[in-house]
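Peer 1: what follows is a predicted structure for the sequence shown.
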Amino acid sequence: MLFEMATGNMTFRIQDNSNDELKNIAVALNKIAEDLQKISLASGHNSAYYPYQNLIQLTFVLDNDFVLLSFNNEVPHTLKYKPDTIINTDFGKLIAQQSKDLWKGILDELDKNSNYNTTLQLILITGDNHLLPSFCTVSRLLYSDEIIVSSVSTILEEMRDINDRLSGSKIRKHNEVTAVQNLHDYILSHLDEPLPTLHSLAQMFAIEEHILKNGFRTFFKTSVYNFYQEERLKRANLMIRQTAVSLKEIAYLNGFKGYLNFYKAFKKRFGYKPSDLSRPEEDLLP
């Protein structure tokens, strides 16, 4: 709960039905979060908390010689390289000196074991010579010699940029700020459902449609629908990696009416198919 509050999430609440001292602590923390949320809204400040958007997903596809065959759109943007300067090059060139020995150990294991996979922190080096620590999953694709390196990195600069935008925002009326924040929280709580029309959302939060639309874009630098689409795809990505729930069920749980629509949206967003991801082997559903 304290970690959630530290990141700016004042919407999180502890559900505790016990009768011991822990329940009293949970009640107190919930009350503090509620009070802080009210104070924040009353002062005209909108929470910049993003449960997933401060995480950048980088995906690299390597051949059997560890040459970079492909990557998703985030790679050149985040690592500050022109795409044509890193395609068909040794992936090791993107590894910082501090992680060279670690990467060499991974290569040795991949050569010895076709089923080898691991998750660990590697430090990547950007085109402008900055270091980017990233938690990477390295594994071979099934029925293929190709290797996937999937990395999750936290880009703190984005969060600072969000706070700068908020502090300079012209939207200061309490009801407008509250509506935008409530819409943000509503979307995150209803990712398993189709998104209502903007007209319906405006009626739901008792505000004019254009104010809600423009206010959301001002605060979160994206449209309402794009935010909804991005969040449910990121949640689906995490569910695939961390659970044994079937892909069709994950699509349904994230508001997609059919698997084909989910498949197309997922591949367009991440650059690989949902079935390409490594999954928990225990009790894995077909």
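Peer 2: Thanks, I have the structure now.
Peer 1: which ones are touching residue 176?
Peer 2: By C-beta atoms under 8 Å, 6 or more residues apart in numbering, the contact set of residue 176 is 207, 211, 215. Any C-beta I mention is one placed from the backbone N, CA and C, and that applies to glycine too.
Peer 1: what helix or strand is it located in?
Peer 2: Following DSSP states H and E, one finds residue 176 within helix 174-189.
Peer 1: what helices or strands is the helix or strand just after that helix leaning on?
Peer 2: Next helix or strand after helix 174-189 toward the C-terminus (DSSP H and E): helix 198-204. Identification of packing neighbours for helix 198-204 by 3 or more C-beta pairs under 8 Å, 6 or more residues apart in numbering; DSSP states H and E yields helix 174-189, helix 209-220.
Peer 1: show me what counts as buried in helix 198-204.
Peer 2: Neighbour counts over helix 198-204 (16 or more other C-beta atoms under 10 Å) mark 198, 201, 202 as buried.
Peer 1: my guess is residue 124 is in a helix, correct?
Peer 2: No. The assignment for residue 124, made by DSSP: H, G, I helix; E, B strand; the rest coil, is strand rather than a helix.
Peer 1: quick one: residues contacting it.
Peer 2: By C-beta under 8 Å, 6+ apart, the residues touching residue 124 are 58, 79, 94, 95, 96, 131, 132, 133, 134, 151, 153.
Peer 1: what do you get for residue 69?
Peer 2: Residue 69 touches 61, 62, 63, 87, 88, 146, counting by C-beta under 8 Å, 6+ apart.
Peer 1: got the residues you listed as CSV, with secondary structure and pLDDT columns?
Peer 2: Compiled in CSV, those are given as follows (DSSP: H, G, I helix; E, B strand; the rest coil; pLDDT from 0 to 100):
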residue, secondary structure, pLDDT
61, strand, 95
62, strand, 95
63, coil, 93
87, coil, 95
88, coil, 95
146, coil, 92
